[in-house]
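Colleague: got a sequence here, can you model it:
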Amino acid sequence: MWQQSQLLFLACLVLSSGSADKFRDDEEEDGCTLMDALPYMAVGGAALMYAGPALLASLGFQPTGIAAKSMGSSLMSWSAISSGGGVPAGGVVATLQSLGAQAGSVAWGSVGSKLGYAAHQNFICGKKQKSKKQ
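Modeller: Numbers count the residues shown, from 1 in each chain. This is a model prediction of the structure:
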């Protein structure tokens, strides 16, 4: 319920982003402000919140543990052999398992929104800046 209210809040911000034009300076008309990136952040957060756990579950990192005969179990075996008999805490396998156990959590949404912001800054703003230089 709390996550749905967050998404609803982000959707309201996206829909009201047109009214934020009065807060912009003349120098920020290039479309690279936080309000311009907000739709990308909302889509990235929602997509990763739902698709991230499904992707990890398909690799074998499930909320109940690592599935037998999966990519996750192979990685766990490789990690245990390479570290001398145990899976190191904070390693790749441990991190993926903890993310797999947090299906649909706020952490997934946070990572997705950061990726959405980075995509906006690198692809949308980067193209606009390149076209200004030419």
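Colleague: so what does the lengthiest helix in the chain touch, helix or strand wise?
Modeller: For the chain, the helix that runs over the most residues, judged by DSSP state H, is helix 34-59. If contacts are counted by 3 or more C-beta pairs under 8 Å, 6 or more residues apart in numbering; DSSP states H and E, helix 34-59 sits against helix 2-15, helix 92-101, helix 106-119. For every residue, glycine as well, the C-beta is placed using N, CA and C.
Colleague: now it, how far from the centre of its chain.
Modeller: Relative to the chain's own centre, helix 34-59 is displaced by 5 Å; criterion: C-alpha atoms, centre = their mean, to the nearest Å.
Colleague: residues of it that come out buried?
Modeller: Neighbour counts over helix 34-59 (16 or more other C-beta atoms under 10 Å) mark 35-49, 52-53, 56-57, 59 as buried.
Colleague: same check, this time on stretch 68-87
Modeller: 70, 72, 73, 75, 76, 79, 87.
Colleague: what sits closest to the second one if chain neighbours are left out?
Modeller: Read that as residue 72. residue 60 (3.0 Å; C-beta to C-beta, 6 or more residues apart in numbering).
Colleague: residues near that neighbour, how many?
Modeller: When neighbours are counted by other C-beta atoms under 10 Å, residue 60 registers 21.
Colleague: how about the most centrally placed residue in the chain, what does it touch?
Modeller: When C-alpha atoms, centre = their mean is applied to the chain, the residue found nearest the centroid is residue 112 (1.7 Å). Counting by C-beta atoms under 8 Å, 6 or more residues apart in numbering, residue 112 makes contact with 44, 45, 46, 47, 48, 49, 52.
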